[in-house]
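> Quick check, what structure comes out for this input:
(2 chains)
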Number of protein chains: 2
Amino acid sequence: MAEPPYVIRPIGWVESPLVDRASAPRQGDEGSPDAWLVFDGDMVEGIRDLEAGSEILVLTWLDRARRDLLVQRPRGDPDNPERGVFSTRSPDRPNPIGLHRVEIVSVDGTRVRVRNLEALDGTPLVDVKPLLGPIDER
Amino acid sequence: MAEPPYVIRPIGWVESPLVDRASAPRQGDEGSPDAWLVFDGDMVEGIRDLEAGSEILVLTWLDRARRDLLVQRPRGDPDNPERGVFSTRSPDRPNPIGLHRVEIVSVDGTRVRVRNLEALDGTPLVDVKPLLGPIDER
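Take a look at the predicted model:
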């Protein structure tokens, strides 16, 4: 089957004090500094209902990741046994989409300040989704 | 800034009795039939630790979605007020990545049977991630 090209068009970028993988926490709730989601101007209508205090899911394109690793040692620890990449949260994976649960601290136009984001400075933003609550509250 | 092309390479496909959006449930836990994740043969090492009974996150490329809608009425209900797309779970969004929490029913080689997947038949698979447990169990 001929596959069409599935191309991600970034909706913005991460601004963060984190600039390299060696100094970044393994997960967002393990000591990440506050960061900014900086949305492109043409996304302003899409973000109009983001509110300070709420939790959201942020999807990123982990542009400094490797795409050719199928087994890895979780958390980079040589004492951990190897696992298939789809049973790990490693950034190195065939399609390096990062999934981050963060809390919105404040919203300033197209700049959204968030807590608990471990993505590196300059990481492209792919999507933002609300958390799903219980079925009867959707 | 020149943007490199961020291209998704599908790791497999969804096999499901769901063939059109009109008949698909809005969310996976609202009445989805069992479905199969059918992985490409060259992904076999990556899926080797997927196990029946566990819950996983599946990321898909919603290839029948629109990418030009920034405000929408949640759940397609005309009585709902419009909301910015990044505050909805609509499949129609600038980068149509679907995020699905499913339970593995069984694993048969590169075919993984799952419960609670509302993606349509033929939807490309992008990624699979484990759920993150409490910090002290990672």
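
> Relative to the strand or helix carrying A:V102, what are the paired strands and their orientations?
Assigned by DSSP states H and E, A:V102 belongs to strand A:97-108. Take DSSP bridges as the rule and strand A:97-108 pairs in its sheet with strand A:55-61 (antiparallel), strand A:111-115 (antiparallel).

> Mean neighbour count for the ones you listed - can I get that in CSV?
Every residue, glycine included, has its C-beta placed from N, CA and C. Formatted as CSV, the strands paired with strand A:97-108 follow (neighbours: other Cβ atoms under 10 Å in any protein chain shown):
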stretch, mean neighbour count
strand A:55-61, 20
strand A:111-115, 20
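
> Nearest to B:I56, out of those strands?
Closest approach to B:I56 among those (Cβ to Cβ): strand A:55-61, 15.6 Å.

> and of the strands paired with strand A:97-108, who's closest to B:P91?
strand A:55-61 (14.1 Å).

> for chain A, which spans come out with low pLDDT?
For chain A, the stretches flagged by pLDDT under 70 are A:1-3, A:133-138.

> where along it do the helices fall?
With DSSP state H, there are no helices along chain A.

> hey, where'd the strands end up in it?
Along chain A, the segments classed as strands by DSSP state E run A:6-8, A:12-15, A:35-39, A:55-61, A:71-72, A:83-84, A:97-108, A:111-115, A:124-130.

> Could I get the strands paired with strand A:97-108 in TSV, plus columns for distance to B:L62?
Shown next, in TSV, are the strands paired with strand A:97-108 (distance: least, Cβ to Cβ, whole Å):
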stretch	distance to B:L62
strand A:55-61	13
strand A:111-115	24
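
> Select, out of those strands, the one closest to B:P17.
Taking these one by one with Cβ to Cβ, strand A:55-61 is closest: 27.7 Å.

> contacting residues around the closest one?
Strand A:55-61 is contacted from outside by A:8, A:10, A:14, A:37, A:50, A:96-104, A:114, A:117, A:119, A:123-131, B:6, B:86, B:95, B:97, B:99, using Cβ atoms under 8 Å, 6 or more residues apart in numbering or on different chains.

> Let me know the angle separating it from strand A:124-130.
Calculated by axes from the mean of the first three to the mean of the last three Cα atoms, to 10 degrees, strand A:55-61 forms an angle of 150 degrees with strand A:124-130.

> Report the angle between strand A:55-61 and strand A:35-39.
Using the same axes, to 10 degrees, strand A:55-61 lies at 70 degrees relative to strand A:35-39.
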